[in-house]
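K.L.:
missing the sequence, but the structure's below:
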C-alpha cells in the first residue's frame with residue numbers, strides 16, 4: 001500500500017492522506033486507511049530539525065484540533081497502534097522490520113498530535129480531544145471489533161474497550177489511561193532487539209511528551225495525566241522502571257540503519273521519513289545511547305512527581321535490590337555491580353548525576369552497596385572532576401555534585417577509605433598536575449577551591465555551606481593530608497579573614513601566599529612569593545550580609561581545623577606545618593567574640609610545635625627539618641591536651657517541597673538532552689538554566 005510519489009516537507013499540509021486524518025470524516029479503526037497512513041512516502045529535510053517539521057505540520061494539527069472532538073480519529077489511531085503492537089510481545093515475531101516500523105510510525109504520529117494538544121490546549125479541552133462520544137456515528141456501526149489493552153498482568157486486570165469506530169467512554173480520561181498503560185506495557189513486554197529499538201525510543205518519547213504538561217502550564221502540581229500515571233499498578237510500575245534501568249545499564253546503541261528503514265522495493269512510510277528528522281545521525285554525534293539517555297530522563301520525570309504522595313515509580317526505584325539477594329519487599333532484581341559501573345562511566349552527564357543522587361538518597365540497598373566498594377575512586381574521581389570543571393555561574397549540576405559528596409561523607413568508612421586510596425596523574429585539578437596524592441587530599445583540594453571560587457564570583461550560600469559541611473564530616477578522619485590540601489585550607493582562612501577584617505573596618509597588612517614545599521623558615525614567618533588573590537572581584541569591601549557570611553565560614557573553617565587536630569593531629573604533619581607557616585593569620589582572632597574558644601586549640605598547637613622547631617636548631621629552618629620536627633613532636637603530643645568540641649556531623653535532608661527544585665531541573669535536562677522540541681512561546685518556565 002501507499003502512494004507512489006514522495007512528499008516534501010513543504011507539501012505536508014496539502015497531502016491527501018494526512019488531510020483525511022485531520023478532516024471531518026470519522027475513520028473506523030478497521031479501515032485499510034491506517035495501513036496507507038503507515039506506508040506513505042516522504043522526503044525529509046536534510047537536518048534533524050523538529051522545529052521545522054512542527055511548523056510545517058501546524059496547519060494539519062490545527063485542523064485536527066478543530067475536527068477531532070467529533071471524528072475521534074486520534075482515538076482510532078491509538079487503538080490501531082496498540083493492536084498492531086500486540087504480536088511483538090513474542091520475540092519470534094520481531095524478525096521483520098516492516099511491521100515493527102508501522103508500530104513505531106503510529107507511536108510517532110500519536111506523539112506529534114499529543115505534543116501539539118498539550119502545548120496549545122487547556123486540560124479540559126485536552127481531555128475532550130481524547131474522550132469518546134456517547135453514541136457511535138453511522139459510518140462505524142458495522143464495526144464490532146473488541147480490543148483489550150495489553151495490561152492483563154497488572155493487578156487491576158485488563159482494561160477492555162468496545163471499539164465501534166471509537167470507544168465507549170465510561171469516565172473522563174479512560175482513553176488516556178488506555179494509552180498510558182498500553183505504552184508502558186509495550187516497553188515492559190516487547191523485547192529489545194534491533195527491529196524493535198525504535199519502538200522503545202518512540203514509546204519513551206511519547207510518555208515524556210504526555211507528561212510535559214508541566215512545561216506548558218508552569219504548574220508543578222499534578223495534572224490529570226500525571227495523576228493517571230501515578231495511579232498505575234505497582235506491578236506495572238516495577239516492570240517499567242526495571243526496563244528503563246536495563247536500557248541505562250546496557251547503553252544499547254542504535255542498530256544499523258538498514259534495520260531501521262523499510263526493505264528495498266517497499267514505499268517508505270511518511271513517519272519513517274519524519275523520524276529521520278529526530279533520530280540522530282550516528283556519523284555526526286557522539287556514541288551516547290539515546291535510548292539510555294531518554295530512559296533516564298523518563299525515570300527522573302516519573303520519580304520526582306508526587307513528592308509527598310503515592311508514587312509507584314519512586315517506590316519501585318527505592319526498593320529494587322541486587323540479583324544475588326533475596327528480599328521479599330524487593331520491587332525487582334538487577335546487577336548492582338553493572339549499575340555501579342555504568343554510573344561511574346556516565347557521570348559526566350547531568351542526567352546520570354541526578355539519577356545517581358536519587359538512587360543514593362532513596363535506595364538503601366544501593367547506597368550500602370556503594371559504600372562497600374573498594375574501587376570508590378572510580379566514583380569519586382569523576383564527581384570531583386565535574387565539580388572542578390564547573391564555571392563561575394551557579395548551576396543545578398554543581399548543587400547535585402555537592403549533595404552527592406555530602407551524602408558520601410556521612411559514612412565514616414568512606415571518609416577513612418578515601419585517604420587510603422592513592423590516585424595518580426591528576427591533570428585537571430589546578431594550574432599544575434598532581435603526580436600522586438590520596439583521594440581524600442584531592443577531595444579537600446577541590447572542595448576548598450569550590451568555596452573560594454564561590455566567594456569570589458557566585459556568593460551562593462548553598463554551595464559553600466555544602467562544601468564546608470562535607471569537609472567537616474571528613475575532618476575527624478583526615479589522614480596524611482597532603483601539603484597542597486593542607487595549604488588550601490589555611491590559605492582559604494587567610495584570604496577570607498582579610499576580607500572579613502576589612503569589612504569590619506580594620507586595617508590589615510597585605511600578605512601574599514607562598515607555597516612552602518621547599519626553602520627555609522626564618523623564625524617561621526610567612527614568606528611572600530605569589531598571590532592567591534586575583535581577579536577584579538576578589539576580596540573587595542562587603543556589606544553586612546557578606547560580613548555575617550564570612551564570619552560563619554571562618555568559624556566553620558576553625559571548627560574543621562579543631563576537629564582534625566583533636567582526632568588526627570599525629571597523622572597530619574603537613575596540616576600542622578601549614579598552620580605553623582602562616583601562624584599570623586590566626587592572631588586577629590585571639591580575643592574576638594565568637595572565635596576565642598575556636599582559636600585556643602590552634603594557638604596551643606602552634607606554640608608547642610614552634611617551640612619544638614626553635615629548640616632543635618637555629619634559623620633559618622629548612623622545610624625538611626621543620627616537617628621532621630613536627631613528626632617527632634607529634635609522638636610526644638598529649639592526646640587529651642586540646643579542648644574537645646562536639647564532633648562535626650552534618651546530614652543531607654531533602655527540602656519539604658523538593659519538587660520546586662527537581663521538577664524544573666528535570667525538564668531542563670529533557671530540553672537539553674532529549675530529541676524533543678518545545679515551542680518556546682508555550683513554555684511557562686525557563687528551560688535554559690544551566
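P.N.:
Nice, I can see it. The structure displayed is predicted, hence computed values, not measured ones.

K.L.:
quick one, strands of this protein?
P.N.:
When assigned using DSSP state E, the strands of the chain occupy the ranges 146-148, 160-162, 321-322, 333-334, 422-426, 434-438, 520-521, 621-622.

K.L.:
quick one: residues contacting residue 469.
P.N.:
406, 409, 650 (Cβ atoms under 8 Å, 6 or more residues apart in numbering). To be clear about C-beta, it is placed using only N, CA and C from the backbone, and glycine gets the same treatment.

K.L.:
ok, now with 10 Å
P.N.:
Neighbouring residues of residue 469 by Cβ atoms under 10 Å, 6 or more residues apart in numbering: 402, 405, 406, 409, 410, 447, 556, 648, 649, 650, 651, 652.

K.L.:
using a markdown table, lay out the residues you listed together with pLDDT.
P.N.:
Formatted as a markdown table, the entries for these read as follows, by pLDDT from 0 to 100:
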| residue | pLDDT |
| --- | --- |
| 402 | 96 |
| 405 | 98 |
| 406 | 97 |
| 409 | 97 |
| 410 | 96 |
| 447 | 96 |
| 556 | 96 |
| 648 | 87 |
| 649 | 92 |
| 650 | 94 |
| 651 | 94 |
| 652 | 94 |
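
K.L.:
just name the closest of the residues you listed to residue 499, please.
P.N.:
residue 556 (15.1 Å; Cβ to Cβ).

K.L.:
in this structure the closest one contacts residue 489, no?
P.N.:
No - judged on Cβ atoms under 10 Å, residue 556 makes no contact with residue 489 at a distance of 11.2 Å.

K.L.:
more crowded one of the two?
P.N.:
Between residue 556 and residue 489, residue 489 has the larger neighbour count (other Cβ atoms under 10 Å), namely 25 against 20.

K.L.:
my guess is residue 123 contacts residue 225, does it?
P.N.:
Yes - shown here, residue 123 and residue 225 form a contact pair, counting by Cβ under 10 Å, at 8.5 Å.

K.L.:
intersection of neighbour lists for the two?
P.N.:
With Cβ under 10 Å, 6+ apart, residue 123 and residue 225 have common neighbours residue 213.

K.L.:
quick one, phi/psi of the residue of the chain most remote from its centre?
P.N.:
Distance from the C-alpha centroid of the chain, by Cα atoms, centre = their mean, peaks at residue 618 (57.2 Å). Dihedral pair for residue 618: phi -120, psi 150, per degrees, to the nearest 10.

K.L.:
grab the nearest non-local neighbour of residue 104.
P.N.:
If the residues on either side of it in the chain are set aside, residue 104 comes closest to residue 198, at 4.5 Å by Cβ to Cβ, 6 or more residues apart in numbering.

K.L.:
average model confidence for stretch 87-106?
P.N.:
Mean pLDDT, stretch 87-106: 73.

K.L.:
about what we covered before: rank the strands of the chain by pLDDT, which is bottom?
P.N.:
When those are ranked by mean pLDDT, strand 160-162 comes last with a mean of 35.

K.L.:
any regions of the stretch 351-500 of the chain where pLDDT drops low?
P.N.:
Counting by pLDDT under 70, the ranges of the stretch 351-500 of the chain that qualify are 392-394, 458.

K.L.:
follow-up on the earlier one: so residue 123 and residue 225 - more neighbours on which side?
P.N.:
residue 225 (25 against 14).

K.L.:
correct me if wrong: that one contacts residue 177.
P.N.:
Yes - with contact defined as Cβ under 10 Å, residue 225 reaches residue 177; the gap is 9.4 Å.

K.L.:
need the overlap of contacts for the two.
P.N.:
residue 130.

K.L.:
need the per-residue pLDDT for residue 197.
P.N.:
Note for residue 197: predicted pLDDT of 90.

K.L.:
you'd agree it is up against residue 103?
P.N.:
No - judged on Cβ under 10 Å, residue 197 makes no contact with residue 103 at a distance of 12.0 Å.

K.L.:
neighbour-wise, which of those two wins?
P.N.:
residue 103 (26 against 20).

K.L.:
please report the distance of that one from residue 683.
P.N.:
In this view, residue 103 and residue 683 are 30 Å apart by Cβ to Cβ, to the nearest Å.

K.L.:
kindly report the same for residue 468.
P.N.:
Distance from residue 468 to residue 683, by Cβ to Cβ: 36 Å.

K.L.:
repeat that for residue 451.
P.N.:
To residue 683, residue 451 is 35 Å away according to Cβ to Cβ.

K.L.:
ok, the two, which is more surrounded?
P.N.:
Per other Cβ under 10 Å, whichever of residue 451 and residue 683 has more neighbours is residue 451, with 23 against 18.

K.L.:
tell me who's in contact with that one.
P.N.:
Residue 451 is in contact with 463-468, 471, 488-489, 492, 496, 553, 556-557, counting by Cβ under 10 Å, 6+ apart.

K.L.:
can I assume residue 353 is in contact with residue 343?
P.N.:
Yes - between residue 353 and residue 343 there is a contact under Cβ under 10 Å: 9.1 Å.

K.L.:
overlap in contacts, those two.
P.N.:
Both residue 353 and residue 343 are contacted by residue 382, under the criterion Cβ under 10 Å, 6+ apart.

K.L.:
who's more crowded, the two?
P.N.:
Using other Cβ under 10 Å, the more surrounded residue of residue 353 and residue 343 is residue 353, with 25 against 22.

K.L.:
residues contacting the more buried one?
P.N.:
Going by Cβ under 10 Å, 6+ apart, residue 353 touches 343, 346-347, 382-383, 386, 396-401, 403-404, 669.

K.L.:
can you rerun that using 6 Å?
P.N.:
Going by Cβ atoms under 6 Å, 6 or more residues apart in numbering, residue 353 touches residue 400.

K.L.:
grab the most central residue of this structure for me.
P.N.:
Taking Cα atoms, centre = their mean, the centroid of the chain lies closest to residue 354, which sits 2.5 Å from it.

K.L.:
what's the distance between residue 71 and residue 582?
P.N.:
79 Å.

K.L.:
switch the contacts of residue 469 over to CSV; also include distance to residue 246.
P.N.:
Below are the contacts of residue 469 laid out as CSV (distance: Cβ to Cβ, whole Å):
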residue, distance to residue 246
402, 30
405, 28
406, 30
409, 31
410, 30
447, 35
556, 43
648, 41
649, 37
650, 36
651, 32
652, 29
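
K.L.:
pick out whichever of these sits closest to residue 391.
P.N.:
Within these, the smallest distance to residue 391 is 14.9 Å, found for residue 402 (Cβ to Cβ).

K.L.:
the closest one touches residue 466, doesn't it?
P.N.:
Yes - if you go by Cβ atoms under 6 Å, residue 402 and residue 466 touch, sitting 4.1 Å apart.

K.L.:
any chance you could map the helices in the stretch 101-250 of the chain?
P.N.:
123-130, 174-189, 197-210, 213-217, 224-230, 234-250 (DSSP state H, counting those that start in this stretch).

K.L.:
for the fifth one, what is the average pLDDT?
P.N.:
For helix 224-230, mean pLDDT rounds to 91.

K.L.:
show me the helices in the stretch 451-600 of the chain, by range?
P.N.:
461-475, 483-503, 544-568, 573-581, 596-616.

K.L.:
which positions in the fourth one come out as buried?
P.N.:
Meaning helix 573-581. Using 16 or more other Cβ atoms under 10 Å as the test for burial, helix 573-581 gives 573, 574, 575, 576, 577, 578, 579, 580, 581.

K.L.:
looking at it, the second one is touching residue 486, isn't it?
P.N.:
Read it as residue 574. Yes - with contact defined as Cβ under 6 Å, residue 574 counts as touching residue 486 (4.3 Å).

K.L.:
show me the contacts of residue 469 that map onto helices.
P.N.:
402, 405, 406, 409, 447, 556 (DSSP state H).
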